[in-house]
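A.B. asks: prediction below, plus the sequence it came from.
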Amino acid sequence: MSLVVGIDAGTQSVKLVVYDPADRCVVATHGQALELIAGDDGSREQHPAWWIDAIRACFAKLDPALRKRVAAIGVSGQQHGFVPLDAAGKVLAPAKLWCDTSTQAECAEIMDTVGGAQECVKLAGNPILAGYTASKLTWTRKHRPEAYARLASILLPHDYVNFWLTGERWMEYGDASGTGWLDVRTRQWSKPLLAATDAQRDLSALLPPLVAADASFTISPVIAEELGLPRSVRVSAGGGDNMMAAIGTGNVTPGVLSMSLGTSGTLFAYAAQPIVDEAGGWAAFCSSTGGWLPLICTMNCTVATEAVAKAFGFSTRDGDTVMADTTPGAHGLVMLPFFNGERTPDLPLARGGLFNLDLNNFTRANVYRAAMEGATYALRNGYDLLQAAGMGFDAIRLTGGGSQSATWRQMVADVFALPVEVPTQAEGAALGAALQALWALEKTSNADADLAAIAREHVQLNTALATYPDAQAVAAYRPAYRQFLRHLDDAKALYAERQPASG
Ligand SMILES: Nc1ncnc2c1ncn2[C@@H]1O[C@H](COP(=O)(O)OP(=O)(O)O)[C@@H](O)[C@H]1O
Ligand SMILES: O=C(CO)[C@@H](O)[C@H](O)COP(=O)(O)O
C-alpha cells in the first residue's frame with residue numbers, strides 16, 4: 001500500500017515520480033519547467049527558490065489520496081551547483097550551476113595553488129574542472145563579497161531540497177565528490193584543496209556532515225502538513241542526478257554502462273573501488289550507493305539539439321519527423337556542439353562550429369541531425385577514454401529526455417556499435433531517487449536490505465525499445481566520426497591558447 005516518491009531537480013525541469021513497490025509500477029509522474037539565467041560570460045544560474053516552487057507545483061498536481069500513502073522520498077539533483085546559505089539557512093545568492101563556465105580562471109587558480117592538475121588528481125582523484133563547485137566559492141569571494149562575508153554553509157542543489165524537506169543539512173559522498181574537495185579514495189575532505197580554495201577561512205566548517213548512502217531523516221512536520229504527506233515520511237540521503245540515474249537504470253553492480261541524454265550528456269558505470277584517471281580524462285566520482293561511479297560528462301547534449309530546434313522554430317519532440325529523410329553523416333555536415341564551452345574535453349572557453357556546408361546539405365533537417373550526431377560523437381570520444389583504460393561493456397542503458405527519440409536511440413547504437421537497452425521508466429534519475437528511498441525505508445526495519453536486489457526487482461527494461469546496431473550505419477558513421485575528431489583537434493589547438501595556465 002505504501003508509495004515511494006523520487007524527485008529529480010534537473011537543469012530544465014523538476015520531475016516527480018510516484019512508485020508503488022508492491023505492484024512494481026509508477027502510479028504518477030509530474031513535471032514543472034525551470035528557467036535558467038544565462039550570461040554572456042558563461043554564467044548559468046538558478047534561484048534555489050525556483051526548485052522549491054517547482055516541487056510544490058508537482059505535489060499540487062498529485063492526487064491527495066496518493067500523497068497520504070507516501071512512506072519515503074528520495075531527492076536527485078543536477079550536480080555541482082553552489083548554494084550559499086547564511087547561519088539561519090537563508091540563501092545568499094543565486095546558485096551557480098554545473099554548466100557555469102564563468103569560473104574557469106578560478107579552477108586554474110585552485111589547481112595552480114596545489115601545483116597543477118596532476119597534483120590535484122593525486123590529492124582528491126579529480127582535477128577542478130569547469131562547473132565543479134570549488135571554483136564557485138573563490139568566484140563568490142571576488143564577485144559577491146557580501147554573500148561571502150555572511151556565508152555559513154554550502155549545499156549542493158539536492159542537499160538544499162533535502163534541507164527544505166527536513167530542516168537538516170547533510171551531504172552524501174556521490175554528489176560531494178563533484179565539489180572537487182572530496183578525496184574520493186579516502187572519502188574525506190581534502191585539507192590541501194580546501195586551503196587552496198580559500199586560505200582565509202576553514203572551509204570544512206562550512207561543509208555539512210557526510211552521511212552514508214542508506215541514511216534517512218524524518219520530514220519536517222511543517223512541510224509534511226504543507227504537502228499533504230504523513231508526518232512519518234522518511235527522506236533518504238539523495239544524490240547527484242547521475243548517481244541516481246545509475247540506480248534507476250539498474251547500474252549498481254559492475255559491468256553496466258548507462259548513458260543519459262539530458263541537458264548534459266553523461267556516461268557512467270558502477271565500480272566497487274575508486275577508479276581514478278591520472279590524466280583526469282573522466283570524473284572519478286563516488287556513487288550514491290556506497291561505491292564509485294567513473295563518469296564522462298559533456299556540457300552540450302540536448303543543449304545542441306534544443307538550440308538548433310529553437311533556431312529553426314520546431315520542438316525537439318518533433319525532431320525525428322524533421323530528420324525523417326536524412327541519413328547517417330548528415331550529408332557531410334559536422335557540428336562541434338560547444339554552445340556552452342565544454343568539460344570533456346576540457347575546453348571551457350570553446351564555442352561551437354558547423355563544417356562542410358554546401359548548397360545541397362544546408363537544410364534544417366541536416367543541421368538538426370548534425371547537432372544530434374555532434375552531441376553523440378562527443379560522448380563517443382569520452383567512451384574511447386574508458387575503453388583505452390581497459391573498461392569494456394556489452395550494451396548501453398539509455399535514459400534522459402533524448403532517449404525518447406527513436407532516431408537518437410538508433411544513432412547511439414550505430415555510433416557506439418553496441419546494443420541499446422531502454423528502461424521502462426524514462427526518468428531514470430527520479431526513479432533511482434524513489435528506489436534509494438525504498439532502500440532507506442527497508443533499512444529501518446532490516447539492516448540487510450540490499451540495493452542491488454531492489455534494483456534487480458524494480459528496474460525493468462522495455463524490450464520493445466531495445467535497439468541494435470545496423471551494420472551499414474555503423475560503417476557510415478566511422479569516417480564521419482573521424483572527421484568530427486579532426487575538427488575537434490583543430491578546436492583544441494584554437495581554444496587551448498585561451499585556456500588559463502595549469503597542469
Ligand atoms: N523526443 C525527443 N527527441 C529529442 N529530444 C527530446 C525528446 N524528448 C525530450 N527531449 C529533450 O530532453 C531534454 C530534457 O531532458 P532531461 O533528461 O529531462 O534534462 P535535464 O535533466 O537536464 O533537465 C530536453 O532538452 C528535450 O529537448
Ligand atoms: O555536471 C554534470 C555531471 O558531472 C551534469 O550531468 C549535471 O549533473 C546536470 O545534469 P542534467 O541536468 O543534464 O541531467
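C.D. replies: Cool, the structure landed. Ligands and ions are numbered 1, 2, ... in the order given.

A.B. asks: ok, and the closest non-adjacent residue to residue 355?
C.D. replies: residue 334 (4.5 Å; Cβ to Cβ, 6 or more residues apart in numbering). For glycine as for every other residue, the C-beta is placed from the backbone atoms N, C-alpha and C.

A.B. asks: I'd guessed that neighbour sits against residue 370; true?
C.D. replies: Yes. Applying Cβ atoms under 8 Å, one finds residue 334 in contact with residue 370, separated by 6.3 Å.

A.B. asks: hmm, back to that, neighbours of the residue nearest to residue 355, how many?
C.D. replies: Residue 334 has 23 neighbours, counted by other Cβ atoms under 10 Å.

A.B. asks: with residue 50 instead?
C.D. replies: Neighbours around residue 50, by other Cβ under 10 Å: 19.

A.B. asks: likewise for residue 288?
C.D. replies: 33.

A.B. asks: dump the residue contacts of it.
C.D. replies: Contacts were defined as Cβ atoms under 8 Å, 6 or more residues apart in numbering; by that measure residue 288 touches 172-175, 213, 237-240, 243-244, 246-247, 436.

A.B. asks: surely it is in a helix?
C.D. replies: No. Assessed by DSSP: H, G, I helix; E, B strand; the rest coil, residue 288 does not belong to a helix; its assignment is coil.

A.B. asks: and the pLDDT at the nearest residue to it once chain neighbours are set aside?
C.D. replies: Nearest non-adjacent residue to residue 288, counting by Cβ to Cβ, 6+ apart: residue 239, 2.8 Å away. Listed pLDDT for residue 239 reads 98.

A.B. asks: the one 5 residues further on too?
C.D. replies: The predicted local confidence for residue 244 comes out at a pLDDT of 98.

A.B. asks: ok, the contacts of residue 288 vs ligand 2, which is closest?
C.D. replies: residue 240 (5.6 Å; Cβ to the nearest ligand atom).

A.B. asks: which ones are touching that closest one?
C.D. replies: Counting by Cβ under 8 Å, 6+ apart, residue 240 touches 76, 77, 78, 79, 80, 156, 158, 174, 175, 178, 285, 288.

A.B. asks: beta partners for residue 423?
C.D. replies: residue 461 (DSSP bridges).

A.B. asks: still on that earlier bit, report the set of residues contacting both of residue 334 and residue 370.
C.D. replies: residue 354.

A.B. asks: could you list the low-confidence segments of the stretch 401-503 of the chain?
C.D. replies: Across the stretch 401-503 of the chain, the ranges flagged by pLDDT under 70 are 497-503.

A.B. asks: pick out the residue of it closest to ligand 2.
C.D. replies: residue 429 (6.6 Å).

A.B. asks: element containing that residue, please.
C.D. replies: helix 428-443 (DSSP states H and E).

A.B. asks: does that helix reach ligand 1?
C.D. replies: No. For helix 428-443, no contact with ligand 1 is found by Cβ under 6 Å from any ligand atom; the gap never falls below 6.8 Å.

A.B. asks: same check on stretch 289-298?
C.D. replies: No. Judged by Cβ under 6 Å from any ligand atom, stretch 289-298 stays clear of ligand 1, getting no closer than 11.4 Å.

A.B. asks: in that stretch, which residues are buried?
C.D. replies: Buried positions in stretch 289-298, judged by neighbour count with 16 or more other Cβ atoms under 10 Å: 289, 291, 292, 293, 294, 295, 296, 297, 298.

A.B. asks: check stretch 192-210 too.
C.D. replies: 192, 193, 194, 195, 196, 197, 198, 203, 206, 207, 208, 210.

A.B. asks: before we move on, what about stretch 431-447?
C.D. replies: Under 16+ other Cβ under 10 Å, the buried positions of stretch 431-447 are 431-443.

A.B. asks: mind listing what the residue sitting furthest away from the middle of the chain touches?
C.D. replies: For the chain, the largest distance from the centre (Cα atoms, centre = their mean) belongs to residue 359, which lies 38.1 Å off. Residue 359 sits next to no residue when contact means Cβ under 8 Å, 6+ apart.

A.B. asks: these two touch, right, residue 340 and residue 101?
C.D. replies: Yes. Under the criterion of Cβ under 8 Å, residue 340 makes contact with residue 101 at 6.8 Å.

A.B. asks: give me the contacts around stretch 377-386.
C.D. replies: 259, 265, 267, 269, 277, 281-282, 294, 296-298, 300-301, 337, 342, 344-345, 415-416, 480-481, 484-485, 488.

A.B. asks: out of those residues, which are inside helices?
C.D. replies: Within the contacts of stretch 377-386, residues falling in helices by DSSP state H are 415, 416, 480, 481, 484, 485, 488.

A.B. asks: determine which two of these are furthest apart.
C.D. replies: 416 and 488 (17.1 Å; Cβ to Cβ).

A.B. asks: how near is residue 484 to residue 163?
C.D. replies: Distance, residue 484 to residue 163, using Cβ to Cβ, to the nearest Å: 42 Å.

A.B. asks: who has more neighbours out of these two?
C.D. replies: The neighbour count for residue 484 versus residue 163, taken as other Cβ under 10 Å, is higher for residue 484 (25 against 20).

A.B. asks: and the ones in helices among the contacts of stretch 377-386, which is closest to ligand 1?
C.D. replies: Nearest to ligand 1 among the ones in helices among the contacts of stretch 377-386, with distances taken as Cβ to the nearest ligand atom, is residue 415, at 15.7 Å.

A.B. asks: can you verify my assumption that that closest one contacts residue 478?
C.D. replies: No. Checked against Cβ under 8 Å, the pair residue 415 and residue 478 is beyond contact range at 9.3 Å.

A.B. asks: show me which of those two is the more surrounded one.
C.D. replies: residue 415 (23 against 15).

A.B. asks: tell me who's in contact with residue 77.
C.D. replies: Residue 77 sits in contact with 8-10, 51, 156-161, 175, 238, 240-241, where contact means Cβ under 8 Å, 6+ apart.

A.B. asks: can you do 6 Å?
C.D. replies: By Cβ atoms under 6 Å, 6 or more residues apart in numbering, the contact list for residue 77 reads 9, 157, 158.

A.B. asks: my read: the first one touches residue 53, true?
C.D. replies: No. In this structure residue 9 lies outside contact range of residue 53 using Cβ atoms under 6 Å: 11.2 Å.

A.B. asks: mind checking which of the two has more residues around it?
C.D. replies: The neighbour comparison of residue 9 against residue 53 (other Cβ under 10 Å) goes to residue 9, with 30 against 14.

A.B. asks: what's the separation between the more buried one and residue 95?
C.D. replies: 10 Å.

A.B. asks: list residues touching both of these two?
C.D. replies: Joint contacts of residue 9 and residue 95 (Cβ under 6 Å, 6+ apart) do not exist.

A.B. asks: neighbouring contacts of stretch 419-438?
C.D. replies: Residues outside stretch 419-438 that contact it (Cβ under 6 Å, 6+ apart): 4, 6, 8, 15, 17, 19, 21, 26, 72-76, 236, 241, 244-245, 247-249, 395-399, 403, 409, 412-413, 454, 458-462, 465-468.

A.B. asks: output that stretch as CSV, restricted to C-alpha atoms.
C.D. replies: What follows is stretch 419-438, C-alpha atoms only, in CSV (Å, rounded to 0.1, in the frame of the first residue of the first chain):
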residue,chain,number,x,y,z
PRO,A,419,23.0,-2.6,-28.4
VAL,A,420,20.9,0.0,-26.6
GLU,A,421,18.7,-1.1,-23.7
VAL,A,422,15.9,1.3,-22.6
PRO,A,423,14.4,1.1,-19.1
THR,A,424,10.6,1.2,-18.9
GLN,A,425,10.8,4.4,-16.8
ALA,A,426,12.5,7.1,-18.9
GLU,A,427,13.0,9.3,-15.9
GLY,A,428,15.9,7.3,-14.6
ALA,A,429,17.2,9.8,-12.0
ALA,A,430,13.7,10.3,-10.5
LEU,A,431,13.1,6.5,-10.4
GLY,A,432,16.5,6.0,-8.9
ALA,A,433,15.7,8.5,-6.2
ALA,A,434,12.5,6.6,-5.4
LEU,A,435,14.4,3.3,-5.2
GLN,A,436,17.0,4.8,-2.9
ALA,A,437,14.2,6.0,-0.7
LEU,A,438,12.7,2.4,-0.8
